[in-house]
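>>> coordinates only, sequence not included:
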Ligand SMILES: Nc1ncnc2c1ncn2[C@@H]1O[C@H](COP(=O)(O)OP(=O)(O)O)[C@@H](O)[C@H]1O
Ligand SMILES: [Mg+2]
């Protein structure tokens with residue numbers, strides 16, 4: 001990353017609410033000649049790049065106190081604005097879920113670039129884009145269900161905290177060493193406020209969001225409209241695109257706008273009576289998938305956000321519920337039964 005090393009001289013310390021704030025004190029070469037960033041709490045290995053996104057580069061790092069391997073996401077504020085990087089840090093500090101990447105600490109480089117450094121739990125198993133690219137539409141429904149259930153759990157946790165992610169896509173779901181899903185990349189996320197309604201505190205989604213954001217191909221059709229959009233409903237469309245890609249091995253269209261002829265053909269096919277899944281397959285047969293899975297895709301790829309599945313409807317959908325562990329009467333913990341398929 002251009003200019004980064006020059007910037008890694010000293011980092012001002014800011015108090016962290018949770019997790020630690022790193023103070024970058026010096027930069028040196030170790031005996032193997034690797035470029036290392038030496039910080040108060042974390043050592044960053046700039047030779048070990050583990051990922052690159054549209055605004056950040058991620059390197060391997062180590063927690064000096066515990067020896068734990070962590071990831072260091074380095075964001076250039078010129079690319080996302082300081083707002084995005086700060087927002088991501090605050091959101092990660094708010095969230096706490098096994099399928100959302102855990103925040104470990106943060107820092108800021110000195111010098112003109114003032115890169116943001118975010119220390120995160122390491123997810124060393126690659127991302128879902130690679131899984132889909134390698135599988136070529138051949139993932140079994142059991143594997144799909146396991147991955148997608150974890151993706152839904154992560155998004156449901158964000159929504160319950162008032163956070164709309166707004167950039168859900170296969171590249172932003174990474175896997176840890178055990179193959180479990182972790183949701184990353186919150187620099188475009190929106191945090192809704194709360195209001196009192198009938199004595200209870202509820203998330204206030206009365207005002208539509210107007211900032212067009214997300215990634216072409218995954219962003220909901222309403223995100224680019226003047227009327228604005230609901231961040232949670234837009235996330236559900238993006239989850240639908242992810243599931244379609246995981247199940248069928250290809251994206252439904254390049255972008256959900258009239259500019260894309262495939263999307264125009266998709267809306268026309270729906271108007272003439274096709275289901276969204278059939279319309280998105282555009283005459284291709286696609287891999288054999290159960291009706292219950294197709295029903296979820298149909299519910300998520302609804303162009304009308306008001307008719308789209310909600311996260312709780314999704315969690316209760318037949319495809320997911322049929323394989324859920326059955327709670328055993330008299331025992332608090334869930335017990336997996338190989339014979340029963342319904343929890344009722
Ligand atoms: N905690 C992590 N563990 C492993 N890889 C990560 C982690 N966080 C980010 N990455 C990698 O870095 C890339 C860029 O990070 P991301 O947060 O998506 O930034 P961007 O906003 O640039 O897309 C990701 O696509 C992923 O490959
Ligand atoms: Mg990303």
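Thanks, I have it. Computed from a predicted model, the values in this text were never measured in an experiment. Numbering: from 1, shown residues only. Ligands and ions are numbered 1, 2, ... in the order given.
>>> CA only for contacts and neighbour counts going forward, please
OK.
>>> now for residue 163, how many residues are close by?
A count of nearby residues for residue 163, using other C-alpha atoms under 10 Å, gives 23.
>>> wait, it touches residue 191, no?
Yes: contact criterion C-alpha atoms under 8 Å: residue 163 and residue 191 qualify, at 4.6 Å.
>>> which neighbours do those two have in common?
Residues touching both residue 163 and residue 191 by C-alpha atoms under 8 Å, 6 or more residues apart in numbering: residue 91.
>>> for residue 163, give its distance to residue 91.
Distance, residue 163 to residue 91, by C-alpha to C-alpha, to the nearest Å: 8 Å.
>>> err, residue 228, not the other one
Counting by C-alpha to C-alpha - residue 228 and residue 91 are separated by 23 Å.
>>> which one of those two has more residues nearby?
residue 91 (20 against 15).
>>> in what helix or strand does that one lie?
Assigned by DSSP states H and E, residue 91 falls within helix 77-94.
>>> other SSEs contacting that helix?
If contacts are counted by 3 or more C-alpha pairs under 8 Å, 6 or more residues apart in numbering; DSSP states H and E, helix 77-94 sits against strand 103-108, strand 116-121.
>>> identify each buried residue in it, please.
Neighbour-count burial for helix 77-94, with 16 or more other C-alpha atoms under 10 Å as criterion, is recorded at 77, 82, 84-93.
>>> run through who's touching it.
Residues from elsewhere that reach helix 77-94 (C-alpha under 8 Å, 6+ apart): 17-19, 55, 75, 101-103, 106, 113-116, 118, 161, 163, 185-189, 191.
>>> switch the cut-off to 6 Å
With contacts defined as C-alpha atoms under 6 Å, 6 or more residues apart in numbering, helix 77-94 is touched by 55, 103, 186-187.
>>> least confident secondary structure element in this structure?
One helix or strand of the chain scores below all others by mean pLDDT, DSSP states H and E: helix 4-7, with a mean of 33.
>>> spell out which residues of the stretch 1-150 of the chain are next to ligand 1.
Contacts of the stretch 1-150 of the chain with ligand 1, taken as C-alpha under 6 Å from any ligand atom, map to 50-58, 71, 120-124.
>>> drop anything exposed from these.
Among these, the ones that count as buried by 16+ other C-alpha under 10 Å are 50, 55-58, 71, 120-124.
>>> on the three-state scheme, the nearest residue to residue 252 once chain neighbours are set aside is what?
Distance criterion C-alpha to C-alpha, 6 or more residues apart in numbering; nearest residue to residue 252, sequence neighbours excluded, is residue 280 at 5.1 Å. When classified by DSSP: H, G, I helix; E, B strand; the rest coil, residue 280 comes out as helix.
>>> could you check how many residues crowd around residue 280?
Using other C-alpha under 10 Å, residue 280 has 26 neighbouring residues.
>>> and residue 173, by the same measure?
26.
>>> show me what the lengthiest strand in the chain is packed up against.
In the chain, taking DSSP state E as the definition, the longest strand is strand 42-52. With contacts defined as 3 or more C-alpha pairs under 6 Å, 6 or more residues apart in numbering; DSSP states H and E, the packing partners of strand 42-52 are strand 35-39, strand 56-63.
>>> next, the angle from the longest one to strand 42-52.
Meaning strand 56-63. 150 degrees (axes from the mean of the first three to the mean of the last three C-alpha atoms, to 10 degrees).
>>> which residues touch strand 56-63?
Counting contacts by C-alpha under 6 Å, 6+ apart, the residues outside strand 56-63 that touch it are 42-46, 48-51, 68-75.
>>> from those residues, keep the buried residues only.
Buried, going by 16+ other C-alpha under 10 Å: 42-46, 50, 69-75, out of the contacts of strand 56-63.
>>> could you work out the most separated pair of these?
69 and 75 (19.4 Å; C-alpha to C-alpha).
>>> from the buried ones among the residues of the stretch 1-150 of the chain next to ligand 1, which is closest to residue 213?
Nearest member of these to residue 213, counting by C-alpha to C-alpha, is residue 55, at 13.7 Å.
>>> residues contacting residue 118?
Neighbour list for residue 118: 72-73, 106 [criterion: C-alpha under 6 Å, 6+ apart].
>>> so this protein: which segments form each domain?
15-121, 128-321 (automatic domain parsing).
>>> mind putting these into TSV with mean pLDDT?
As requested, the domains of the chain are arranged in TSV below (pLDDT from 0 to 100):
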stretch	mean pLDDT
domain 15-121	79
domain 128-321	96
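>>> show me where this structure has its helices.
Secondary structure of the chain (DSSP state H): helices at 4-7, 77-94, 128-135, 141-160, 231-248, 261-271, 276-281, 291-300, 311-315, 318-321.
>>> this completes my enquiry, with thanks.
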